[in-house]
Every structure is written in structure tokens, then in C-alpha cells.
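**Q** from the sequence below, what's the structure:
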Amino acid sequence: MEQAVWEHVAGLLGDPAQLAAQYERFLAEARDGRGEAADDRLRARIERLDRADRRLIEAYQAEVIGLEELSGQRKALAEQRRLAEQQQERQLRLTEQKLRAEEALAGLVAFSERVGSRLQAADSAERQAILRLVVERIIVHDDALEIQHVIPLRGPDTNPESKEPQPVRRLRTDG
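**A** Predicted coordinates:
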């Protein structure tokens with residue numbers, strides 16, 4: 001079983017493209033967002049709704065519309081604004097998700113390059129250390145092994161030559 005686990009882990013770490021493919025879907029989801037153009041359109045829509053609200057108040061003050069009409073139209077504008085703000089928040093989350101996914105992919109490639117070059121020449125103690133580092137859990141089924149792994153990633157603003165402890169994030173197979 002140990003040999004099967006090692007071969008699986010060595011295969012993953014020796015091929016950064018295979019690891020990166022697992023996280024490409026995060027980037028694809030984030031790319032589905034509309035980007036800056038959508039942000040600009042949403043911001044402009046919110047500004048238009050604010051101007052429309054001010055015009056309604058001015059119309060009421062000029063006694064062009066009554067209080068009931070003012071109240072009804074302001075409620076409708078408030079609902080439209082709430083929906084636009086929700087879209088804006090969703091767009092922001094997608095952008096943040098894209099940045100995190102890009103950082104994760106860069107970290108995966110860097111980790112694979114650091115470890116991958118030593119995989120073939122690793123002795124028993126080094127293999128154990130690598131397995132302890134990246135294997136989170138092994139689940140044994142009747143006819144298969146399920147290996148859940150975690151890739152340690154350095155923080156985005158770290159200097160590998162620094163003597164200071166570097167923050168480490170862990171990228172799990174389940175996201």
C-alpha cells in the first residue's frame with residue numbers, strides 16, 4: 001500500500017500540470033464574471049437609480065406627484081438598487097476568487113518544482129517526510145484507495161531566502 005501511495009503522490013508532484021488542472025475550474029468560474037466593464041455598468045446603474053430617487057423627491061416637493069406615488073416609486077427604486085448592489089457584491093467575490101485561484105496555481109507550480117526534482121532520488125526517510133507533508137488522509141475501500149492530499153503553499157509576499165518564518169497556507173484536494 002505504501003508503494004501505491006508513493007507512486008500516486010510522486011506522479012502528482014512530478015507533473016505540475018496535473019495538479020494545476022484540478023484548480024483550473026476555480027479560474028474558469030472566476031473568468032465567467034464580467035470584470036471591470038460589469039463593475040462600471042453596475043456602478044453607473046446605482047448612480048442612475050440614486051438620481052431617479054432624487055428626481056422623485058424633487059417632483060414631490062414641487063407637488064407634481066403625490067405622497068402615495070412617491071412612496072411606491074421609491075420602494076421600486078430601492079429594490080432595484082438592492083439587486084444591483086447584490087450583483088456588485090457577487091462580482092467582487094468572483095474577482096477575489098480569481099485572485100486566490102491564481103495564487104494557488106502559482107503556489108502549486110512552485111511547490112511541484114521544489115519537490116519534483118527530488119522525487120526520483122528520494123530515500124526512504126525523504127519519501128516518508130514528503131508523504132507526511134502532502135497526504136492528509138488515506139481511505140481504504142474494498143477495491144481502491146482514496147488519497148486526499150494537501151499542498152503547502154507559501155504566502156504571496158514571502159522571500160524564500162528570508163530567515164523569518166513564512167506564512168503557509170494549505171491547498172486541499174477538496175478546495
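**Q** assign the residue with the largest distance to the centre of the chain to helix, strand or coil.
**A** Within the chain, the residue lying farthest from the chain centre (CA atoms, centre = their mean) is Glu63, at 51.4 Å. Here Glu63 is coil, with the state taken from DSSP: H, G, I helix; E, B strand; the rest coil.
**Q** before we move on, what about Leu119?
**A** Secondary structure, three-state DSSP: Leu119 is coil.
**Q** chain neighbours aside, what residue packs nearest to it?
**A** Closest residue to Leu119 apart from its sequence neighbours, by CB to CB, 6 or more residues apart in numbering: Ala10 at 4.8 Å. (C-beta placed from N, C-alpha, C; glycine too.)
**Q** run a quick neighbour tally on that neighbour.
**A** Ala10 has 18 neighbouring residues, counting by other CB atoms under 10 Å.
**Q** tell me the buried residues in the one helix or strand it maps to?
**A** Assigned by DSSP states H and E, Ala10 falls within helix 2-14. For helix 2-14, a neighbour-count test (16 or more other CB atoms under 10 Å) marks Val5, Trp6, Val9, Ala10, Leu12, Leu13 as buried.
**Q** look up how far Glu69 lies from the residue farthest from the centre of the chain.
**A** 12 Å (CB to CB, to the nearest Å).
**Q** much appreciated, bye for now.
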